Every structure is written in C-alpha cells, then in structure tokens.
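Engineer: sequence plus the predicted model coming up.
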Amino acid sequence: MIATKQMDLRANLKKYFDIAFSGEPVIVSRKKNENVVVISETQYNDLQKAKRTAEYLKRLENSISQLEQEKTITLTMDEMKAMEADDWKPSQKIIDFMELMKNE
C-alpha cells in the first residue's frame, strides 16, 4: 500500500493511477484525517462482490436459524399456485403462521 499527499497525487496523477491499476492501493491523506483510497476498478468490483456474498451468507444463516427454530411454513404446490390469483385470500394455516411470527 502506498501513501501520498493530495498535492503529490495532483502533480503525479498518472503515476498513482498506474500504481493503483497494477493492484497496489494508494492512500491519499487529506486534512482532518478524511483520507481516500484509490484502487483499480477490478479491485473495487471484487470488494463489491465480497460484500454481496457476505450479505447473502448472512441471509442464508438467518434462514437456517429460522428453520432450526421451526419458524417456517410448508405449502403444497396447489396452495402456492392459488396465491397467484388476484382474489387470493390467505388460508387459516397462513394466518396462524403470520400471527405466530408477529408474536415472536
């Protein structure tokens, strides 16, 4: 990781962009410790992908926890198909489940 001052970055922009593009992050120090980091688009995309993966894994863990705590409902294919109708009304099984989850 390379660190530089804002003035140096301005004077040598191409140099620091080339460094960032080669995979080396560049920290640009600013007043009040409001620093920024210059990274390549590839590194940025990798960070975004890692963030999305972590969020997905967290949702998956929450789902597994709900399953283990029996906070799930099982529907038949017919019940699911019925939910597509414009005039669908929840069955008593669904109403009971919703009530149970509301009280948790």
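Structural biologist: All right, it came through fine.
Engineer: and the pLDDT for the residue nearest to the spatial centre of the chain?
Structural biologist: Centroid check for the chain by Cα atoms, centre = their mean gives Arg52 as the closest residue, at 3.6 Å. If you check Arg52, the pLDDT there is 98.
Engineer: list the buried residues in whatever helix or strand it lives in.
Structural biologist: Using DSSP states H and E, Arg52 maps to helix 41-68. By 16 or more other Cβ atoms under 10 Å, the buried positions in helix 41-68 come out as Gln43. For glycine as for every other residue, the C-beta is placed from the backbone atoms N, C-alpha and C.
Engineer: all the helices of the protein, residue numbers only.
Structural biologist: Taking DSSP state H to define them, one finds helices in the chain at 6-11, 13-21, 41-68, 77-82, 92-102.
Engineer: return the member of those having the minimum mean pLDDT.
Structural biologist: Among these, helix 92-102 scores lowest, at a mean of 89.
Engineer: and the angle from that helix to helix 41-68?
Structural biologist: 110 degrees (axes from the mean of the first three to the mean of the last three Cα atoms, to 10 degrees).
Engineer: what sits up against helix 92-102?
Structural biologist: Lys71, Ile73, Leu75, Pro90 (Cβ atoms under 8 Å, 6 or more residues apart in numbering).
Engineer: before we move on, the earlier item: out of the helices of the chain, nearest to Glu34?
Structural biologist: Of all the helices of the chain, it is helix 6-11 that lies closest to Glu34, at 10.2 Å by Cβ to Cβ.
Engineer: what packs against that closest one?
Structural biologist: Where contact means 3 or more Cβ pairs under 8 Å, 6 or more residues apart in numbering; DSSP states H and E, helix 6-11 is packed against strand 26-29.
Engineer: strand partners (parallel or antiparallel) of the strand it packs on?
Structural biologist: Sheet pairing of strand 26-29 (DSSP bridges) gives strand 2-5 (parallel), strand 36-38 (antiparallel).
Engineer: turn these into JSON lines, columns for distance to Glu24, mean pLDDT and mean neighbour count.
Structural biologist: Output for these, formatted as JSON lines (distance: least, Cβ to Cβ, whole Å; pLDDT from 0 to 100; neighbours: other Cβ atoms under 10 Å):
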{"stretch": "strand 2-5", "distance to Glu24": "6", "mean pLDDT": "95", "mean neighbour count": "14"}
{"stretch": "strand 36-38", "distance to Glu24": "10", "mean pLDDT": "97", "mean neighbour count": "14"}
